[in-house]
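> when you get a sec, could you give me coordinates for this:
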Amino acid sequence: MKENPMIRAGRAGRVQTMADLAAAHLPKPMSLGTFRNNKLHLREGHPAPISSPGAKTLLWDSEQTSAFNAGEPVPEITGKDSDEDLLDRQEAASLLGVTPRTWNSYRYDPRISEHTVLVPEREPGDDGPQVEHWPRGVIRTFKADRPGKGQSPRAGRPEGSGDMVPRDQIVPRITELLDADPAITAAAVVDELSVAMTTATRCLAQLRGRRIADLVETDPALNLDAAAAQLGYPAITRRRAIAAAQDEQHRRVIQPYVQSVADALTDIGAAEAGEVEVLRVGDHLAAAVLLHPEQPAQALVWDERYGWRTATSRRHPIGKNATPVGEGIRYLSTPEVQPKPADVLAALTDGRRGRKSP
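From the prediction side, this is the model:
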């Protein structure tokens, strides 16, 4: 299979997921599970995905797959880089010069989030998986407006940033300031953004912690303190940053398991596609997977203390109650805290399984 480019300008309407390939399979459609298990997308001559290497959801161009299915030569996708090209998470992070995990902070900035494009394009009522992409020109503009290394933290400062910053912009704005000055203090962030000191301190520690974890992941020979020093973080900030890095490393151990369950549920049409975020809730980690309406619960929540349970709210599935009980709540992961995806699905669909409390 020849490597293909990203989603080139004007081709968003041709994007397909693996589920779309299964539905369009000739001589007759087949289920996604059968298509994937038989590795039909890896057949000799089958077009390569147009998604970036490492993407969780693979995407293809229908012009190419249709030609392959018809036994015709597969056309190449050509063209120069355009501001209208659509970039996925990995591609956008690469263009911006940050890691995909750091990109997760930037993507909520209104200068980026307002331009998010979901592909493949779907008709109303079609709840198939979609993947967030962003126009190349939007990322280029955002990159040009960011403070550069060696500049003053105030360089490139968005107009009005001295006012109270909306909640969804706090992390992206602090990320920019940290990019410009690794040694920036919480007091300087407060002065720049007019956020609370506790908010500035917490966000700086979390962002530094993620970057320390990124560096150690790239270079395992480094310990956390050495990584913090290499990143230019002052000694006075390292205790909080290293604690945040340890927490981040813990999350990264947990996230693949939770994501594997979410992906398995998505593959059978039980859950919404997307990257699952592992959150710290009090003294433990938790994560939520939103389910489709026909499922017997609004969401599933994984808690590192007791495993999976059902949730009755899509908006706030984890909630503030550490161990919620009541109508609609079932604790499913007994005795295992990390049961196999098939066991989670079986427990979810069998109302006789589970307990009312952990």
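
> gap between the least confident helix or strand in the chain by mean pLDDT and the chain center?
Every helix and strand of the chain was ranked by mean pLDDT, DSSP states H and E. The lowest is helix 100-106, at a mean of 80. Computed by Cα atoms, centre = their mean, to the nearest Å, the chain-centroid distance of helix 100-106 equals 8 Å.

> need the contact partners of it.
Contact with helix 100-106 is made by 89-90, 92-93, 96, 98, 112, 142, 171-172, 175, 207, 210-211, 214, as judged by Cβ atoms under 8 Å, 6 or more residues apart in numbering. C-betas here are computed from N, CA, C, even on glycine.

> give me the helices and strands touching the biggest strand by length in the chain, please.
With DSSP state E setting the assignment, residue counts place strand 284-290 as the longest strand in the chain. When contacts are defined as 3 or more Cβ pairs under 8 Å, 6 or more residues apart in numbering; DSSP states H and E, strand 284-290 packs onto helix 235-267, strand 279-281, strand 299-303.

> what angle do that strand and helix 235-267 make?
30 degrees (axes from the mean of the first three to the mean of the last three Cα atoms, to 10 degrees).

> for strand 284-290, buried residues please.
For strand 284-290, the neighbour count (16 or more other Cβ atoms under 10 Å) marks 285, 286, 287, 288, 289, 290 as buried.

> strand partners (parallel or antiparallel) of that strand?
Note on strand 284-290: by DSSP bridges, its sheet partners are strand 279-281 (antiparallel), strand 299-303 (antiparallel).

> who's in contact with that strand?
Here strand 284-290 makes contact (Cβ under 8 Å, 6+ apart) with 250-251, 254-255, 258, 261-262, 265, 271-272, 274, 276-279, 298-305, 311, 314, 317-318, 322.

> please repeat the previous calculation with a cut-off of 7 Å.
By Cβ atoms under 7 Å, 6 or more residues apart in numbering, the list of residues contacting strand 284-290 from outside reads 250-251, 254, 258, 261-262, 265, 271-272, 276-279, 299-305, 311, 314, 317-318.

> which strand residues bridge residue 285?
Judged by DSSP bridges, the bridge partners of residue 285 are residue 280.

> list the contacts of the residue nearest to residue 292 when sequence neighbours are not counted.
Ranked by Cβ to Cβ, 6 or more residues apart in numbering and with sequence neighbours excluded, the top spatial neighbour of residue 292 is residue 270, at 6.1 Å. Counting by Cβ under 7 Å, 6+ apart, residue 270 makes contact with 291, 292, 295, 345.

> any chance of CSV for these, columns pLDDT, secondary structure and distance to residue 226?
Converted to CSV, the contacts of residue 270 look like this (pLDDT from 0 to 100; DSSP: H, G, I helix; E, B strand; the rest coil; distance: Cβ to Cβ, whole Å):
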residue, pLDDT, secondary structure, distance to residue 226
291, 90, strand, 43
292, 87, coil, 46
295, 87, coil, 47
345, 88, helix, 43
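
> closest to residue 116 among these?
Residue 116 lies nearest to residue 292 out of those, by Cβ to Cβ, at 21.6 Å.

> and the closest one, how many neighbours?
A count of neighbours around residue 292, defined by other Cβ atoms under 10 Å, yields 13.

> list the contacts for it?
Shown in contact with residue 292 (Cβ under 7 Å, 6+ apart): 127, 269, 270, 271, 272.

> going through these, which ones are buried?
Neighbour-count burial (16+ other Cβ under 10 Å) applied to these gives 270, 271, 272.

> save the residues you listed as a markdown table, and put in pLDDT too.
A markdown table is the format used below for the buried ones among the contacts of residue 292 (pLDDT from 0 to 100):
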| residue | pLDDT |
| --- | --- |
| 270 | 85 |
| 271 | 86 |
| 272 | 79 |
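
> what's the closest of the residues you listed to residue 25?
Residue 25 lies nearest to residue 270 out of those, by Cβ to Cβ, at 22.0 Å.

> and that closest one, how far is that from residue 337?
Using Cβ to Cβ, to the nearest Å, residue 270 is found at 21 Å from residue 337.

> quick one, helices of the stretch 51-200 of the chain?
Applying DSSP state H, counting those that start in this stretch to the stretch 51-200 of the chain gives helices spanning 62-69, 89-96, 100-106, 110-113, 136-145, 167-180, 186-193, 197-218.

> fine by me, thanks again.
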